[in-house]
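> What shape does this take:
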Amino acid sequence: SGPHSAVTGGSRNTASGSASTVTGGGNNEASGYGSAVSGGRFNKATGYYSSVSGGTFNTASEEASSVSGGYYNEASGIRSSVSGGEKNTASGTASAVTGGY
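Residues are numbered from 1 along each chain as shown. This next block holds a predicted model:
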């Protein structure tokens with residue numbers, strides 16, 4: 001684990017970013033500074049202050065980006081968000097996808 005980081009539950013989770021957290025699920029990774037993964041499986045929060053709340057195979061890769069759930073979603077723009085659904089990408093700055101496929 002990274003400095004000031006924590007893994008508090010689940011299995012095979014990694015919190016390698018400074019001040020990052022993973023609180024449950026399995027095979028999740030929080031590698032960005034201040035990033036967080038709350039649950040689900042195979043999720044990654046790699047951007048600064050990025051987060052993934054749940055779902056499977058979701059990625060929040062840019063600063064302050066977030067994915068709330070769903071499958072195979074990616075928030076790759078600064079301050080972007082994907083709320084759910086499947087195979088959605090929010091790639092522009094401050095862009096948002098609320099769901100769908």
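
> What residues are bridge-paired with the most centrally placed residue in the chain?
The residue lying closest to the centre of the chain (C-alpha atoms, centre = their mean) is residue 52, at 2.9 Å. Per DSSP bridges, the residues bridged to residue 52 are residue 37, residue 67.

> Show the contacting residues for it.
Residue 52 makes contact with 28, 36-38, 40, 43-45, 58-60, 66-67, according to C-beta atoms under 8 Å, 6 or more residues apart in numbering. Heads up, the C-betas are built off the backbone N, CA and C, glycines and all.

> How many neighbouring residues does the closest residue in space to residue 85 that isn't next to it in sequence have?
Nearest non-adjacent residue to residue 85, counting by C-beta to C-beta, 6 or more residues apart in numbering: residue 99, 4.0 Å away. Other residues near residue 99 come to 14 when the count uses other C-beta atoms under 10 Å.

> pLDDT wise, what is residue 69 at?
We have a pLDDT of 97 for residue 69.

> can you list the residues that contact stretch 61-76?
So stretch 61-76 is contacted by 40, 43-44, 46-60, 77-91, 97, 99 (C-beta under 8 Å, 6+ apart).

> Of the residues you listed, which belong to strands?
44, 51, 52, 59, 60, 81, 82, 89, 90, 97 (DSSP state E).
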